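J.: Have a look at this prediction, sequence included:
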Amino acid sequence: MNNSYLSILDILVTNERVPCRFLHDLPKMGFMDPSAAEDDLKAGATLDVPLWLAENFNSSCRIPLLTVDLPKIYKDAYREILNADACTVDMQKLGQHFYELGCYVAKHDIKGETFRQRFRMLMSASVSSDSIGSIQPLSASERKRAAAAAATERALSGWLQRGDCPLTTANMVANHRKRKRAEMEML
Amino acid sequence: MDPYEIEFIGENRVVSIIPNFTYEKIYLICGEFGPFRAGLPMNVPLWLAVMLKQKQKCRMVPPDWMDIEVLENIKEEEKRSRFFTKMPNEHYMVEAKLILGNAPEDVPRASEIKTIIKDIWDIRMSKLRTSIDTLMKSGGNYGRLDHLTMMEINSVKPLLPEAMDELYRIEKMTQKTMPTSLNTSTFSQSGSSQNL
């Protein structure tokens, strides 16, 4: 998204692992695949590699060393789900940085449409009293937005209620032992 | 922005009061007000009016629009129209809250007025929410905020502009070509997964 070199978000996003297939034998690189028995990485091996590393593998050689596969969430099956109803997808599980990572890897774009559809969830998350339940399926950036919106909402309702709300006893005072005894004595 | 900051801005609006004391002109940063003559209506900023009211030095004169019939008309209009209607006052909510909160006895039928203003506010807020949702769904690139008051605009503030920003960024990134290092591999790969 924000392609500044020092952007923390960008660093986190490029640190997401993407499935890659190696096209050539790489000598002495077997350590990258924990299940490999040999020292060399064989052609055709598939590994989950951080995006920044995959990019560097390809840009540091004249020939591409690996092909980057699409992460599962950007594939056809999920694209259809997202097209049908983006709100049902749990981004927390499937793609913490769905929009940001998508800008790097996904060619056929549904991110804009997904964002539009899921915007309703942001709005309802900002006013919902069940904050944990409504925030659960949101991606990292969506959560940030929903939290900011909820803060505004709280400030506004606080302002609206100020003044004409009657003074109420604080919970702590109401539950205080002495208070209770006084009430019971009255009864 | 915090609602209290907007209240602060709204407090600069001039309202009229009837003081019950006599005093010469006072000179304030926002202008000069007075002289105060007991029993004669005069204009002061809202914050000063509230302060004097709290010291019981004046009676507030409700603004013209703070009237059951006027407000009923506004409410009907607001209900009928698909768009936002013009409010009598840029800070109607702040003014209503401060005047009705501090001087309910100076406004005839204060509690009814309070209910109507709250109704209008609620109608407008729900209209705002639905129109934002339609704006997002329909894929519009801009929203018109005609006749929205400052408090209402503020209520959607971090969410709507940021969402529009994000959408713009996503769409811009999509139009741009992919970085060259990933270009061939990603494209051929995702292309083939397309055909599966």
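T.: Done, it's in.

J.: The residue nearest to B:Met93 when sequence neighbours are not counted sits in which helix or strand?
T.: In space, B:Met93 comes closest to B:Met151 once its chain neighbours are excluded; the distance is 5.0 Å by Cβ to Cβ, 6 or more residues apart in numbering or on different chains. Backbone N, C-alpha and C define where each C-beta goes, glycine included. B:Met151 belongs to helix B:150-155 when elements are defined using DSSP states H and E.

J.: so what secondary structure elements neighbour that helix?
T.: On a contact count with 3 or more Cβ pairs under 8 Å, 6 or more residues apart in numbering or on different chains; DSSP states H and E, helix B:150-155 meets helix A:140-161, helix B:3-10, helix B:110-138.

J.: List just the one of those that sits closest to B:Val44.
T.: Between B:Val44 and the helices and strands packed on helix B:150-155, the shortest gap by Cβ to Cβ is with helix B:3-10, which sits at 14.5 Å.

J.: List the contacts of the closest one.
T.: With Cβ atoms under 8 Å, 6 or more residues apart in numbering or on different chains as the test, helix B:3-10 has contacts from A:155-156, A:158-160, B:46, B:90-91, B:94-95, B:97-98, B:150-151, B:154.

J.: Take those and, keeping just the buried ones, write it as a PyMOL select command.
T.: Restricted to buried positions by 16 or more other Cβ atoms under 10 Å in any protein chain shown, the PyMOL selection for the contacts of helix B:3-10 reads:
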select buried, (chain A and resi 155+156+159+160) or (chain B and resi 46+90+91+94+95+97+98+150+151+154)
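
J.: Where does the prediction get shaky in chain A?
T.: A:1-4, A:106-109, A:129-131, A:163-187 (pLDDT under 70).

J.: can you give me the helices in it?
T.: Secondary structure of chain A by DSSP state H: the helices cover A:8-14, A:51-59, A:76-85, A:91-94, A:98-105, A:111-127, A:131-135, A:140-161, A:171-174, A:177-186.

J.: same deal with chain B?
T.: All helices of chain B, identified by DSSP H, fall at B:3-10, B:46-54, B:68-80, B:92-102, B:110-138, B:150-155, B:159-175, B:180-195.

J.: For chain B, which element, helix or strand, carries the lowest mean pLDDT?
T.: Scoring the helices and strands of chain B by mean pLDDT, DSSP states H and E places helix B:180-195 at the bottom, with a mean of 36.

J.: What count of nearby residues applies to residue 141?
T.: Using chain A. Using other Cβ atoms under 10 Å in any protein chain shown as the criterion, A:Ser141 is surrounded by 20 other residues.

J.: Chain B, not that one
T.: B:Asn141 has 9 neighbours, counted by other Cβ under 10 Å.

J.: and the gap between it and B:Leu135?
T.: Applying Cβ to Cβ, to the nearest Å, one obtains 9 Å for the distance of B:Asn141 from B:Leu135.

J.: mind listing what the closest residue to B:Lys86 other than its chain neighbours touches?
T.: In space, and not counting its chain neighbours, B:Lys86 is closest to B:His147: 4.8 Å by Cβ to Cβ, 6+ apart. The neighbours of B:His147, taking Cβ under 8 Å, 6+ apart as the test, are B:83-87.

J.: Any regions of chain B where pLDDT drops low?
T.: The model of chain B has pLDDT under 70 over residues B:176-196.

J.: Could you list the domains of chain A?
T.: Here the domain parsing of chain A from automatic domain parsing is A:17-70, A:72-95+A:106-187.

J.: How about chain B?
T.: When chain B is parsed with automatic domain parsing, its domains come out as B:1-61, B:64-177.

J.: Report whether the expected contact of B:Leu48 with B:Phe33 is present.
T.: Yes - between B:Leu48 and B:Phe33 there is a contact at 7.0 Å, judged by Cβ atoms under 8 Å.

J.: between those two, who's got more neighbours?
T.: Neighbour tally, B:Leu48 and B:Phe33, criterion other Cβ under 10 Å: the higher count belongs to B:Leu48, 20 against 16.

J.: just wondering, since we're on A:Ser59, how far is it from B:Arg13?
T.: Counting by Cβ to Cβ, the separation of A:Ser59 from B:Arg13 is 61 Å.

J.: what about the two, which has more around it?
T.: Remark: of A:Ser59 and B:Arg13, B:Arg13 carries more neighbours, 17 against 13, as counted by other Cβ under 10 Å.

J.: Go ahead and confirm that one touches B:Pro88.
T.: No - counting by Cβ under 8 Å, B:Arg13 stays clear of B:Pro88, with 11.7 Å between them.

J.: Point to the residue nearest the middle of chain B.
T.: Closest to where the C-alpha atoms of chain B average out (Cα atoms, centre = their mean) is B:Met151, at 2.5 Å.

J.: Thanks a lot, catch you later.
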